[in-house]
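In: Whatever this is, show me its structure:
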Amino acid sequence: MKSIRKIGQILSLYSAAAPEHGVSEISRSLGVSTSGAHDLVDGLAKIGLLQKVDRGRYRLGPTVASLYHILVDSSALIEAARPVMVKLVEDYGETVHLTVLDQSRIVVADALVGTQTLRVSRAVLGPELAPHFSPAGMLHLSTAGPERLAAYVATHADSRFPLLPKDRWTQQLSDVLQAGYASGPLLNDRDITCCAAQIRNHADIPVAVLSISVPRTRHEIQPRAFRTITMDAAQRISEAMGYMIEET
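Out: Down below sits the predicted model:
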């Protein structure tokens, strides 16, 4: 089990912002000897999870790409979401993301870039952006559970954009969870407004977030319309996954 945990720690070091790591870096991050880190990455390279790109340096390997494509092709979530996302882009021309939370990072399961002349890049959301930087991430955090939230707070206490005081942070997450919706600017780009809604599966469990990223000036013209559009689209995806609204 310890070896499996170490493998997970190694793979979690990789991101779009840090696609390559040396054995010395890995050994320091894991708190193991250089020889121990070398044995681990060498084993991962042999099965294709890592690949050596230079002396003592590694990137994610071809097996990761293969597994990703298998996941994308077979995922019930993406199968349910893709038609709705395509229709959103066709009707409104805005950039759309489907995201999930992996430990404390946002992972983009699918994304479609808008067709408007002034549009938002696909890269605005991703693992390199801390979840509390975006409304989509706040929705994810609202369902993370107390233990994961405590770990997240400890990790991001000294973030460039620090968390709110505990009482305000807790209240904000509670409000977001109850609404199933969040909107506002990205903390690292105030000119972009992110509108995000929760997606639930057949068991009424939150499994993903659908978000529409819009230039701030365009969102300001009709904020209520964007809220309705986002929530309706997320509802359609939830229903495609078997979620049923309880009748009152």
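In: Can you name the residues in contact with stretch 132-149?
Out: 97, 99-101, 103-104, 106, 125, 129-131, 152, 156, 159, 161, 163, 172-174, 176-177, 180-184, 186-188, 194-198, 206, 209, 211 (CB atoms under 8 Å, 6 or more residues apart in numbering). C-beta here means a position set from N, CA and C on the backbone, and glycine is covered the same way.
In: From these, keep the buried residues only.
Out: For the contacts of stretch 132-149, a neighbour count by 16 or more other CB atoms under 10 Å gives the buried set as 97, 99-101, 104, 106, 125, 129-131, 152, 156, 172-173, 176-177, 180-184, 186, 194-198, 206, 209, 211.
In: now, which of these lie within strands?
Out: The strands, defined by DSSP state E, take in 97, 99-101, 106, 181-184, 186, 194-198, 206, 209, 211 from the buried ones among the contacts of stretch 132-149.
In: pretty sure residue 93 contacts residue 119?
Out: Yes. Under the criterion of CB atoms under 8 Å, residue 93 makes contact with residue 119 at 7.1 Å.
In: what's the next secondary structure element after the lowest-mean-pLDDT helix or strand in the chain?
Out: Lowest on mean pLDDT, DSSP states H and E among the helices and strands of the chain sits helix 62-74, with a mean of 67. As assigned by DSSP states H and E, the chain's next helix or strand after helix 62-74 is helix 76-92.
In: Can you spell out the domain ranges of the chain, please?
Out: Per the record, the chain has its domains at 2-65, 75-240, by automatic domain parsing.
In: Could you count how many residues lie near residue 155?
Out: 11 (other CB atoms under 10 Å).
In: I'd say it and residue 131 touch.
Out: No. Here residue 155 lies out of contact with residue 131, judged by CB under 8 Å, at a distance of 10.8 Å.
In: Mind listing the shared neighbours of those two?
Out: Each of residue 104 lies in contact with both residue 155 and residue 131 under the rule CB under 8 Å, 6+ apart.
In: What sits closest to residue 184 if chain neighbours are left out?
Out: Distances taken as CB to CB, 6 or more residues apart in numbering place residue 135 nearest to residue 184, at 5.1 Å, with adjacent residues excluded.
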